[in-house]
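Q: Could you look at this predicted model? Sequence included:
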Amino acid sequence: MSEYVSLLSCSRNTRELGGIETVNGGITRYGVFWRSDTLGTPSAEDVEKLLSSRMTTIIDMRTEAEVKKAPDGTADIDGFDYHHFPITEGSEPPDSLEAVPRSYMTIAMGENMPKVMKVIAEADGGVLFHCTAGKDRTGVVSAIILMACEAEKESIVSDYVVSREYNKERLAAFLAAHPEVDRNIVLANEKSMKGFIDLFTQRFGTVEGYFEAIGLPAEYTDMIRNKLVEGR
């Protein structure tokens, strides 16, 4: 059996942000943040897994059209705190591979991103955040969280790149339907995330600087780090 199996049967790319090493020898906790693609209709086992893991805050970053096409299955289930914060910026494939990091910066500066980060920092219990494929908008949020926790750059990139394994079938179907799209643009490519981290660092310096730029308290960085990193 493939090791690339989603944590939930109602999705293809739900996985942990736990078990990632930080630059000072720490490690991120399991059961704090899950990243995901679209959540379909969860099975009874999915609901039990989410509730027993205290993964009860759900952040849906898809556009209105995406949600209408495939509603989030947790939105109407008791016990979940569902938030729909559409990130329309970066929801379409960029024109070239070189444009992907810039597209990711527009996601990071999205109009609703302060709401996403506020819920992530302040929520009680675990948070599952997702977009459609769990790669671009979700990848940007995951990278910012991991940068806040001082994760190794290569670990952040690796966490991003593994989406290509979880999304193999989805990618094949998309490319079959859109033969004009360059495969490298929609693939979770190392250059894309490395380029985004470089642009982010050049512009904001730190995650504290980023939060201040989008109108949030710099202290949110410590709040996220204290939630996710062992020994804090």
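A: Good, I have the coordinates.

Q: For Tyr4, give me its contacts.
A: By CB atoms under 8 Å, 6 or more residues apart in numbering, the contact set of Tyr4 is Val162, Glu165, Tyr166. C-betas here are computed from N, CA, C, even on glycine.

Q: Would you reformat these as JSON lines and include neighbour count, secondary structure and pLDDT?
A: Formatted as JSON lines, the contacts of Tyr4 follow (neighbours: other CB atoms under 10 Å; DSSP: H, G, I helix; E, B strand; the rest coil; pLDDT from 0 to 100):
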{"residue": "Val162", "neighbour count": "16", "secondary structure": "coil", "pLDDT": "94"}
{"residue": "Glu165", "neighbour count": "12", "secondary structure": "helix", "pLDDT": "88"}
{"residue": "Tyr166", "neighbour count": "24", "secondary structure": "helix", "pLDDT": "89"}
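
Q: Among those, which one sits closest to Thr88?
A: When these are ranked by distance to Thr88 (CB to CB), Tyr166 comes first, at 23.9 Å.

Q: Tell me the confidence at Ser2?
A: Per-residue pLDDT puts Ser2 at 55.

Q: Equivalent analysis for the one 10 residues further on, please.
A: Taken from the predicted model, the pLDDT recorded for Arg12 is 95.

Q: Likewise for His178?
A: 80.

Q: what are the phi and psi values for it?
A: Main-chain torsions, His178, degrees, to the nearest 10: phi -130, psi 70.

Q: who touches it in this structure?
A: Applying CB under 8 Å, 6+ apart, no residues qualify as near His178.

Q: Quick one: mean pLDDT over whichever strand or helix holds Leu199.
A: Using DSSP states H and E, Leu199 maps to helix 190-204. What helix 190-204 shows for mean pLDDT is 97.

Q: Show me what that helix is packed up against.
A: helix 100-108, helix 137-148, helix 153-161, helix 207-213 (3 or more CB pairs under 8 Å, 6 or more residues apart in numbering; DSSP states H and E).

Q: Identify each buried residue in it, please.
A: By 16 or more other CB atoms under 10 Å, the buried positions in helix 190-204 come out as Ser192, Met193, Lys194, Gly195, Phe196, Ile197, Phe200, Phe204.
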